[in-house]
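S.K.: Dropping a prediction and its sequence here:
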Amino acid sequence: MVFDFNSDLAQEYGIYRNENAYDIAKYMSSVNISAGFHAGDPLSIKKALEFAKNNNLAVGAHIGYPDISGFGYRNMEMNNEEIEAMVIYQLSAISSFANTLNVEIENVRCHGAMYEKLNTDADFARSVALAVKKFNPWLNLIVGDPEIKEIIQKEVGINCTYEVLFSDTMSVRQLREMSVVPETVHFKDLENAKRAYDVIKPSPINFNRVQEQL
């Protein structure tokens, strides 16, 4: 059984840098690149995209609430029109930037408070998924709850990828033995990434070249 390993890049802004993220990304098969709302300035996004291309990593857009000062950890109440605009704006930014390097985005992962709401509020999850579908129906939306995944796939009709966070106490064997086996595993810690990589080499979930299918 093969898993996708994913981590976040371009979680930076201005003088605030996170070079450790690139050490983790060396052990990944996919990276999620911050789209500028919660983090990610033009230079950090460019650097992340170049790294992904040079290391043959699948690229995802890492989208969040427009909350630079709070790093996207504060919840925001939005109507469906606002959610759609917020999602499409961020996907457009990363996708257009990626196209200048002949790279296609394949995944979408929410950040912080937006990620938590996606996995606990079915109505919000539908709104996000509909916006993703409107932008590109071939993208994978990463979710952290199997029930939300089923709802989105059945009611919205886009691909979803079930994710778990790899913790200090977790092993690859435990991933394989879960009642719902994840398709992708998210890493925030370098030592955990190394430990998992020593056991199994990851592979991206979505081998679609999305541009060819539009």
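M.R.: Arrived safely, thanks for sending.

S.K.: Find the centremost residue of this protein, please.
M.R.: Arg109 (2.8 Å; Cα atoms, centre = their mean).

S.K.: average pLDDT across the helix or strand encompassing it?
M.R.: Following DSSP states H and E, the helix or strand that holds Arg109 is strand 105-110. Per-residue pLDDT values across strand 105-110 average out to 96.

S.K.: what helices or strands is that strand leaning on?
M.R.: Contacts defined by 3 or more Cβ pairs under 8 Å, 6 or more residues apart in numbering; DSSP states H and E place strand 105-110 against strand 4-9, strand 30-34, strand 58-63, helix 80-99, strand 140-143. For the C-beta atoms, the positions are set from N, CA and C on the backbone; glycine is no exception.

S.K.: got JSON lines for the ones you listed, with mean pLDDT and distance to Thr169 too?
M.R.: As requested, those are arranged in JSON lines below (pLDDT from 0 to 100; distance: least, Cβ to Cβ, whole Å):
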{"stretch": "strand 4-9", "mean pLDDT": "96", "distance to Thr169": "18"}
{"stretch": "strand 30-34", "mean pLDDT": "96", "distance to Thr169": "23"}
{"stretch": "strand 58-63", "mean pLDDT": "95", "distance to Thr169": "26"}
{"stretch": "helix 80-99", "mean pLDDT": "96", "distance to Thr169": "33"}
{"stretch": "strand 140-143", "mean pLDDT": "96", "distance to Thr169": "22"}
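
S.K.: Tabulate the ones you listed in CSV, adding columns for distance to Asp23 and mean neighbour count.
M.R.: Below are the helices and strands packed on strand 105-110 laid out as CSV (distance: least, Cβ to Cβ, whole Å; neighbours: other Cβ atoms under 10 Å):
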stretch, distance to Asp23, mean neighbour count
strand 4-9, 10, 26
strand 30-34, 13, 28
strand 58-63, 18, 28
helix 80-99, 22, 18
strand 140-143, 22, 26
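
S.K.: Out of the ones you listed, which gets nearest to Asn192?
M.R.: Closest to Asn192 of those is strand 4-9 (Cβ to Cβ; 10.1 Å).

S.K.: ok, and what's touching the following helix or strand past that closest one?
M.R.: Next helix or strand after strand 4-9 toward the C-terminus (DSSP H and E): helix 20-25. Helix 20-25 is contacted from outside by 7-9, 11, 31, 51, 55, 57, 187-190, 193, using Cβ atoms under 8 Å, 6 or more residues apart in numbering.
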